[in-house]
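Chemist: generate coordinates for the sequence data below:
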Amino acid sequence: MMASFSRELLQGAKNMTLETIEHETGADPRASIIVLHGLGADGNDFVPICDEIDLSAIGPVRYVFPHAPVRPVTINGGQPMRAWFDVLSFERGSNEDEEGMRASQALIGALIEAEIARGVPASRIVLMGFSQGCAMTLLTGLRYPQRLAGLVALSGWLPLVESTAGERVEENADMPIFLAHGKADSVVPFARAEFSRDRLNELGHAVEWHAYSIVHTVSLQEIHDIEAFLQRALAE
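Modeler: As a prediction, this is how the structure comes out:
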């Protein structure tokens, strides 16, 4: 399979920087969790949620909360806001901003590289994202050239579906994926999440599927389920 993580893309991303918020649960973190926010939010959005997750059993963890670049967003009338890519529609089949996605993929890949350089191996790094951040988690994680610990994909979708089979890498073929969505989500249709689940299953990925009776948000039960998934994914 062909990886879409060229050295040129990563080098270009290293010449740019994303603002981040970081939180370490102890000295010398043994794992890193990179959390990607949704459209119009920023890195602060998921800090309170991650504070509710207890990973003390696996040792110190570093959370990295990047802020997406500011760009005009079509679905919001062209208003500039933090976004990983432009959005024309949240419906499946709509045109996707592949150029914006690829640029953010490289930036997120550079964040992973930075964690590796700080002494956390790829196998101890989790990508986690909500909505747009979910799309970028799946796009980046499936194509990253080293085996990651897992992906947590919340209330979003699998982007660039047609290119996924050819660009995903063998190293991450058995990587665990936590995929969750609200049945009453009026932003990203539940059917789009089901389609993403089915496509990932068809490709042979290990998907742990969760459906909740919620809207476009995160529930307390979901946080508990994420905690259990992370404990398994990061267990040695």
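Chemist: so which residues of the protein form helices?
Modeler: With DSSP state H as the criterion, the chain has helices at 7-14, 47-51, 98-117, 132-143, 161-167, 190-202, 220-233.
Chemist: I'd like those as JSON lines, with mean neighbour count appended.
Modeler: (C-beta placed from N, C-alpha, C; glycine too.) Formatted as JSON lines, those follow (neighbours: other C-beta atoms under 10 Å):
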{"stretch": "helix 7-14", "mean neighbour count": "14"}
{"stretch": "helix 47-51", "mean neighbour count": "14"}
{"stretch": "helix 98-117", "mean neighbour count": "19"}
{"stretch": "helix 132-143", "mean neighbour count": "27"}
{"stretch": "helix 161-167", "mean neighbour count": "14"}
{"stretch": "helix 190-202", "mean neighbour count": "17"}
{"stretch": "helix 220-233", "mean neighbour count": "17"}
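Chemist: possible to save the ones you listed as a markdown table with mean pLDDT and distance to residue 77?
Modeler: Formatted as a markdown table, the helices of the chain follow (pLDDT from 0 to 100; distance: least, C-beta to C-beta, whole Å):
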| stretch | mean pLDDT | distance to residue 77 |
| --- | --- | --- |
| helix 7-14 | 47 | 29 |
| helix 47-51 | 93 | 28 |
| helix 98-117 | 96 | 17 |
| helix 132-143 | 97 | 17 |
| helix 161-167 | 93 | 27 |
| helix 190-202 | 96 | 22 |
| helix 220-233 | 97 | 31 |
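Chemist: closest to residue 74 out of these?
Modeler: helix 98-117 (10.8 Å; C-beta to C-beta).
Chemist: follow-up on the earlier one: identify whichever of the helices of the chain lies nearest to residue 81.
Modeler: Across the helices of the chain, closest to residue 81 is helix 132-143 (C-beta to C-beta), at 10.7 Å.
Chemist: among the helices of the chain, which comes closest to residue 154?
Modeler: Proximity to residue 154 (C-beta to C-beta) singles out helix 132-143 among the helices of the chain, at 5.3 Å.
Chemist: one step back: could the helices of the chain go into TSV alongside distance to residue 65?
Modeler: Below are these laid out as TSV (distance: least, C-beta to C-beta, whole Å):
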stretch	distance to residue 65
helix 7-14	18
helix 47-51	6
helix 98-117	10
helix 132-143	10
helix 161-167	26
helix 190-202	23
helix 220-233	15
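Chemist: noted, bye for now.
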